[in-house]
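turn this into a model:
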Amino acid sequence: MARAVHSMIRVLDEARSCTFYETAFGLTVADRLDFDSFTLIYLSNAESGFELELTVNKGRDTPYDLGDGYGHLAVSVADVDAEHARLTAAGLGPRKLVDFRNGDTLVARFFFIADPDGYQIEVIQRGGRFA
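Have a look, this model is predicted:
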């Protein structure tokens, strides 16, 4: 059976992205591989074995076009209200909290936040299918 190990996104500024992901989600550098034309940075934390791979293409100075195919990454947290307050206080600009319902049934409580390159991250209250 396959096991998901990482997802990759392209970023312009390694330091800016690493700072964002550490501040927002406690992800720190697990490995860094430097090549002639690009650098790969693998970020992780103790919560999961899944990693976020940041690819920095050297010499690029224009933002990436995220296009209309990219959706979002998602992380679960124990207290979505506290995380929203913490990220707001850190000046990271999370969007409003949402109670997503199917009729009267609460499916998820979440908010979105954008990283420095415009990638969207959904922050979901842990529980149910998002345990």
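
what's the burial count for the nearest residue to residue 45 once chain neighbours are set aside?
Across the structure, with C-beta to C-beta, 6 or more residues apart in numbering as the measure, the residue nearest residue 45 apart from its sequence neighbours is residue 26 (4.6 Å). Quick note: C-beta positions are derived from backbone N, CA and C, even for glycine. Counted with other C-beta atoms under 10 Å, the burial measure for residue 26 works out to 13 neighbours.

just to check, residue 26 is in contact with residue 43?
No: the pair residue 26 and residue 43 fails to qualify as a contact (C-beta atoms under 8 Å) at a distance of 9.6 Å.

re earlier: where's the residue nearest to residue 45 relative to residue 11, distance?
18 Å (C-beta to C-beta, to the nearest Å).

and for residue 47?
Shown here: residue 47 relative to residue 11, a distance of 21 Å by C-beta to C-beta.

what comes up buried for the strand or helix carrying residue 122?
When secondary structure is defined using DSSP states H and E, the element that contains residue 122 is strand 120-125. Within strand 120-125, the residues that qualify as buried are 121-125, counting by 16 or more other C-beta atoms under 10 Å.

which non-adjacent residue is nearest the residue nearest the centre of the chain?
Among the residues of the chain, the smallest C-alpha distance to the mean C-alpha position (C-alpha atoms, centre = their mean) belongs to residue 121, namely 4.7 Å. In space, and not counting its chain neighbours, residue 121 is closest to residue 73: 4.9 Å by C-beta to C-beta, 6+ apart.
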